[in-house]
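Undergrad: build the 3D model from these lines:
(one chain, ligands or ions: 1)
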Amino acid sequence: MHVNRLRRVRARAAVALASFALLGTAVSAAGPATAAPRAPAAAPACSTAYQIEQTLDGGTTWRMCWHYNTLSGLVLDDVSYQPREEPEPIAVLTSARLAQVHVPYDDGENEYDDVTGTDFGYALQNLKPGECPGGTIKTVKVPDRGDVQGLCTTTRARGHAYRLNNDESTGGTGKLYTAQGKDLLVYTVNKASWYEYITEWRFSSDGTITSNVGATGSLSPYDYNGTDGKGWPIGKGARAYAESHSHNVFWRLNFGLDGSSRSKVEQYDSKVTAPRGSGSPTTKTTRTPVTRELAGDAKDMRWWRVVSTAGKNKDGHPRSYEFVPGRTAKFPGRSFTQHDVYFTEYKKCEQYASDNPAGHCGGASVDKWVGGQTLTHPIAWVNIGFHHIARDEDQQPMPVHWQGFSLAPRDVTAMNPLTPADLADQNGVPRNGS
Ligand SMILES: [Cu+2]
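TA: Numbers count the residues shown, from 1 in each chain. Predicted coordinates:
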């Protein structure tokens with residue numbers, strides 16, 4: 001319990017009334033547990049105004065619904081991915097959203113839960129057309145606020161999707177295979193006191209999903225007293241010591257791979273053995289099924305994936321998504337920030353990584369929900385930390401600093417979903433030029 005925590009803006013009574021979805025429900029598509037033909041793609045569980053659909057380079061289409069939550073803001077539902085060669089959309093995520101932005105200051109004087117403890121969700125910002133270049137700004141109905149032009153959907157170039165110059169493996173045709181990739185971007189801006197957080201989701205034509213939170217706005221003007229060695233002078237000479245602090249961002253991901261919530265979780269670790277004699281180092285990779293709830297710690301050469309139990313690609317490999325964390329500074333100061341990823345068994349009251357407003361739920365933070373339960377419907381929680389030691393450049397406004405992670409498709413399709421037609425026969429059969 002954080003009884004003595006100072007809070008910036010408390011809108012708790014109002015928040016409690018309006019905590020959950022305004023529209024639609026998170027559809028937990030109960031699919032068969034064993035591999036079976038996929039059900040045909042259901043009609044989107046939302047009306048047109050709440051649908052996002054974008055076809056990108058190579059014929060990849062992303063589809064999803066969205067709704068708005070007055071705590072965590074933007075929620076994406078029923079996210080599906082349909083590469084060009086797939087006859088039906090492949091369900092990936094049942095829902096995805098922020099689960100907390102925890103901001104402890106280095107001197108221990110202030111500690112905020114920006115998602116649940118400020119007016120984050122209510123303070124959705126109107127976007128100017130220029131903030132959504134080439135895209136569409138959707139109207140968000142925010143309770144007690146009214147309509148906010150607050151949700152941008154657009155596309156953005158991401159550079160090379162691939163490149164393969166003619167060589168023996170391509171049959172010496174003298175051909176250059178190369179393509180430029182595009183991403184669908186979906187984002188909102190929420191104000192939490194002086195900070196503004198950009199919550200950005202990126203869906204790439206190659207099947208990758210990325211979420212980043214960008215912090216901008218202004219440093220807290222009440223925290224310019226870091227003269228105890230816990231701040232950085234940002235005024236002339238030794239003045240205006242902006243207090244250092246962390247931004248620990250949590251996401252909550254409810255997977256629905258191939259339309260089923262019954263995913264499996266796996267951890268992979270690789271161990272390198274130093275060379276013996278004149279040999280080379282060797283590396284051994286082991287797979288550990290994560291069958292029970294887990295508080296996971298990142299390590300070099302360690303990664304996790306969520307594996308479908310309901311669908312396989314055309315090579316007969318189960319579809320999965322792999323977690324690819326961005327740069328993180330794990331904050332050891334609270335029990336819930338001590339781990340990089342959590343897998344918990346779905347429970348309705350477990351909604352926010354800390355300061356969980358739906359009640360105690362056997363503990364008010366995600367670490368308390370790791371209780372040894374068998375995972376049948378895993379919920380994934382991702383924690384990415386950033387230790388913010390202010391610099392002169394942070395005023396004014398503060399340049400956006402980003403933190404986030406990706407979900408990379410692993411065996412979702414049998415080949416690169418963007419493979420050009422005349423390389424499509426190279427699945428496991430590379431040309432050797434002979
Ligand atoms: Cu900061």
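Undergrad: need the contact list for the closest residue to residue 218 other than its chain neighbours.
TA: Among residues not flanking residue 218 along the chain, residue 194 sits closest, at 4.3 Å (C-beta to C-beta, 6 or more residues apart in numbering). From N, CA and C alone the C-beta is placed, and that goes for glycine too. When the contact criterion is C-beta atoms under 8 Å, 6 or more residues apart in numbering, the partners of residue 194 are 217-221.
Undergrad: farthest pair within those?
TA: For those, the maximum inter-member distance is 11.3 Å, found between 217 and 221 (C-beta to C-beta).
Undergrad: higher neighbour count, those two?
TA: residue 217 (19 against 10; other C-beta atoms under 10 Å).
Undergrad: excluding chain neighbours, what is closest to the more buried one?
TA: The shortest distance from residue 217 to any residue that is not its chain neighbour, by C-beta to C-beta, 6+ apart, is 3.6 Å, and that residue is residue 196.
Undergrad: which strand or helix spans the one you found?
TA: strand 195-204 (DSSP states H and E).
Undergrad: which elements pack onto that strand?
TA: Other helices and strands packing on strand 195-204, by 3 or more C-beta pairs under 8 Å, 6 or more residues apart in numbering; DSSP states H and E, are strand 73-82, strand 90-104, strand 177-192, strand 209-217.
Undergrad: report the angle between the first one and strand 195-204.
TA: Relative orientation of strand 73-82 and strand 195-204, computed by axes from the mean of the first three to the mean of the last three C-alpha atoms, to 10 degrees: 10 degrees.
Undergrad: how near is the nearest residue to residue 176 once chain neighbours are set aside to residue 394?
TA: The shortest distance from residue 176 to any residue that is not its chain neighbour, by C-beta to C-beta, 6+ apart, is 5.4 Å, and that residue is residue 165. According to C-beta to C-beta, to the nearest Å, residue 165 and residue 394 sit 44 Å apart.
Undergrad: which one's more surrounded, these two?
TA: Regarding residue 165 and residue 394, a neighbour count based on other C-beta under 10 Å identifies residue 394 as having more, with 18 against 10.
Undergrad: for the residue nearest the centre of the chain, give me its contacts.
TA: By C-alpha atoms, centre = their mean, the chain has its centre lying nearest to residue 211, at 3.9 Å. Listed by C-beta under 8 Å, 6+ apart, the contact partners of residue 211 are 96, 199-202, 251, 404-405.
Undergrad: ok, 7 Å please
TA: Taking C-beta atoms under 7 Å, 6 or more residues apart in numbering as the definition of contact, the neighbours of residue 211 are 200-201, 251, 404-405.
Undergrad: now residue 92
TA: Each residue near residue 92 by C-beta under 7 Å, 6+ apart is listed here: 79-81, 257, 321.
Undergrad: among those, the buried ones, what's the ChimeraX command?
TA: Typed into ChimeraX, the next command selects the buried ones out of the contacts of residue 92 (criterion: 16 or more other C-beta atoms under 10 Å):
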select :79,80,81,257,321
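Undergrad: among the contacts of residue 92, which one lies nearest to residue 62?
TA: When the contacts of residue 92 are compared for distance to residue 62 (C-beta to C-beta), residue 81 comes out closest, at 6.0 Å.
Undergrad: where along the chain do the helices fall?
TA: Here the chain has its helices, by DSSP state H, at 12-17, 114-117.
Undergrad: worst mean pLDDT among the ones you listed?
TA: Sorting these by mean pLDDT places helix 12-17 lowest, at a mean of 33.
Undergrad: now what about stretch 150-158, what contacts it?
TA: Surrounding stretch 150-158, the residues in contact under the criterion C-beta under 7 Å, 6+ apart are 52, 54, 56, 66, 74, 124-127, 131-138, 140, 180-188, 204.
Undergrad: can I have the buried ones of these as a ChimeraX selection?
TA: If you want just the buried ones from the contacts of stretch 150-158 in ChimeraX, going by 16+ other C-beta under 10 Å, the selection is:
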select :52,54,56,66,74,124,125,127,131,132,135,137,138,140,181,182,183,184,185,186,187,188,204
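Undergrad: where does this structure have low pLDDT?
TA: For the chain, the stretches with pLDDT under 70 are 1-43, 167-173, 432-434.
Undergrad: out of the contacts of residue 211, who's nearest residue 111?
TA: Distance to residue 111, by C-beta to C-beta, is smallest for residue 251 among the contacts of residue 211, at 20.2 Å.
Undergrad: list the contacts for the residue nearest to that closest one when sequence neighbours are not counted?
TA: In space, not counting the residues next to it along the chain, residue 251 is nearest to residue 382; the distance is 4.6 Å by C-beta to C-beta, 6+ apart. Residues in contact with residue 382 (C-beta under 7 Å, 6+ apart) are 250-251, 253, 323, 325, 341, 405.
Undergrad: switch the cut-off to 8 Å
TA: Applying C-beta under 8 Å, 6+ apart, the residues contacting residue 382 are 250-251, 253, 323, 325, 340-341, 405.
Undergrad: now residue 129
TA: Contacts for residue 129 (C-beta under 8 Å, 6+ apart) come out as residue 137.
Undergrad: and for residue 196?
TA: With contacts defined as C-beta under 8 Å, 6+ apart, the neighbours of residue 196 are 125, 189-190, 215-217.
Undergrad: now the longest strand along the chain and strand 177-192, what's the angle there?
TA: Residue-count comparison of every strand in the chain, with assignments taken from DSSP state E, identifies strand 146-164 as the longest. Counting by the same axes, to 10 degrees, strand 146-164 points 150 degrees away from the direction of strand 177-192.
Undergrad: list the buried ones in strand 146-164?
TA: Of all the residues in strand 146-164, those buried under the rule 16+ other C-beta under 10 Å are 148-155, 158, 161-162.
Undergrad: quick one: which of the contacts of residue 194 is nearest residue 427?
TA: residue 217 (48.5 Å).
Undergrad: what sits opposite that closest one in the beta ladder?
TA: Beta-bridge partners for residue 217, by DSSP bridges, are residue 195, residue 398.
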